[in-house]
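1. A predicted structure for the sequence below; I have some questions about it.
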Amino acid sequence: MLELLTKGALIGIGATVAMDLWAILQNRLLGRGMMTWGVVGRWFWHLRDGTVFHDDIATAAPAPQEVALGWLSHYATGLVYGVVFVLIVGQGWLAQPRFVPAWIMGLLTVSAAWFLLQPGMGLGWGAAKTPNPWTVRALNLVDHTVFALGLWVTALLLA
């Protein structure tokens, strides 16, 4: 069981790294803005008080070390996703990783962004309060597909 959890954690971290490399690539080649991890850290910080949903996370009280907390939360979330995924698919998938199960997981993880994080930060369900919600949603699907590729490729490297 420890080996399964360890591999799940590594796969989740690998997938998160893939997502971050994808963000850097898009930023450099396409000029897409980078994620502001400080607001994510601020959102996570306010969870301790039971505040999940904000009208505008930018107006919430700043958190100590919120950028570091944002990065830590980002990688902790990826790690948890990797562990949960491996617990679902099991040892058989780890022995012979296939993309489709990883892709399904990647598409499921986007629901946390649409129905928890984005409304929690005041962006609305599925980024509905942003100027271009369908563009945001499409980019979220692409980003989480890259997360899925990261799950799969990391598992291939570990197999």
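-> That came through fine.
2. low-confidence regions, the chain specifically.
-> For the chain, no stretch has pLDDT under 70.
3. in this structure, which spans are helices?
-> 2-30, 37-47, 66-95, 99-112, 118-120, 133-158 (DSSP state H).
4. off-centre distance for the third one?
-> Meaning helix 66-95. 9 Å (C-alpha atoms, centre = their mean, to the nearest Å).
5. can I get the helices of the chain in TSV with distance to Asp56 and mean neighbour count?
-> The C-beta positions use only the backbone N, C-alpha and C, and glycine is treated the same way. Listed next are the helices of the chain as TSV, based on distance: least, C-beta to C-beta, whole Å; neighbours: other C-beta atoms under 10 Å:
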stretch	distance to Asp56	mean neighbour count
helix 2-30	23	17
helix 37-47	10	20
helix 66-95	15	17
helix 99-112	20	17
helix 118-120	11	20
helix 133-158	16	19
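6. out of the ones you listed, which is closest to Thr59?
-> Thr59 sits nearest to helix 37-47 of all the helices of the chain, at 10.2 Å, using C-beta to C-beta.
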